[in-house]
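Novice: How does the following fold in three dimensions:
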Amino acid sequence: MSNKNAYTKIDFLRLMLAEGDAISENNESIKIYAREEEIDLEKVKSEGKQRFKRIMLRLNAEKMQTEMKSNQSLKEMALEIVDKLMEKANFSFESYVIQKSIPMHNRNLEKLSDADIKNTLIQYHYLKLIEKSKLDKK
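Specialist: I've put the predicted structure just below:
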């Protein structure tokens, strides 16, 4: 394995051994080998699972970043929609929430600041645009 990665050949072998009894024809032979080599299989399994979870979290974060970058134009469109909406003289956030059935989790709408209202609307329209773009791709 390359030294560029944070993981070594030993890490790879530990990961393989961690799930060894799931793929081995003879579980007892793995346990005997582990005892001879003074390998704590439970510790190896635990470390392997933790490492796998960290890798998956990192991959998911990278995927989310990529999606966010690719959806930047959708964010900008949502911002334009909200700016136009809030510029209207007769705009009422409470009426808009009711009209569009925006879930607000029992918030007291009168106490929201203009920035809170704008952020809520941007999120709402951004999610709607993402939903629409996913439907268009299908």
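Novice: Check which element follows the least confident helix or strand in the chain by mean pLDDT along the chain.
Specialist: In the chain, no helix or strand scores lower on mean pLDDT, DSSP states H and E than helix 20-23, which sits at a mean of 52. The helix or strand immediately downstream of helix 20-23 is helix 27-36, counting by DSSP states H and E.
Novice: Could you check how far K134 is from E87?
Specialist: Going from K134 to E87 by CB to CB, to the nearest Å gives 29 Å. Every C-beta, even on glycine, is put in place using the N, C-alpha and C of the backbone.
Novice: can you check R14 too?
Specialist: Counting by CB to CB, the gap from R14 to E87 is 60 Å.
Novice: and the two? which has more neighbours close in?
Specialist: Taking neighbours as other CB atoms under 10 Å, R14 and E87 compare with R14 leading, 19 against 8.
Novice: didn't the more buried one look like it was pressed against K43?
Specialist: No. Assessed by CB atoms under 8 Å, R14 is found out of contact with K43, at 9.1 Å.
Novice: Just list the residues touching V97, thanks.
Specialist: Applying CB atoms under 8 Å, 6 or more residues apart in numbering to V97 gives the contacts 104, 109.
Novice: how about 6 Å then?
Specialist: When contacts are counted by CB atoms under 6 Å, 6 or more residues apart in numbering, V97 is found next to M104.
Novice: Return the list of helices and strands in contact with the top helix by length along the chain.
Specialist: Looking across the chain with DSSP state H, the single longest helix is helix 41-70. Using 3 or more CB pairs under 6 Å, 6 or more residues apart in numbering; DSSP states H and E, the elements in contact with helix 41-70 are helix 9-18.
Novice: try 8 Å
Specialist: helix 9-18, helix 27-36 (3 or more CB pairs under 8 Å, 6 or more residues apart in numbering; DSSP states H and E).
Novice: Run the chain-centre distance for that helix.
Specialist: Computed by CA atoms, centre = their mean, to the nearest Å, the chain-centroid distance of helix 41-70 equals 11 Å.
Novice: Buried residues of that helix, list them for me.
Specialist: Residues of helix 41-70 classed as buried under the neighbour-count rule (16 or more other CB atoms under 10 Å) are 41, 44-45, 48, 51.
Novice: out of those residues, what pair is the most spread apart?
Specialist: Greatest spacing in the buried residues of helix 41-70, by CB to CB: L41 and R51 (15.4 Å).
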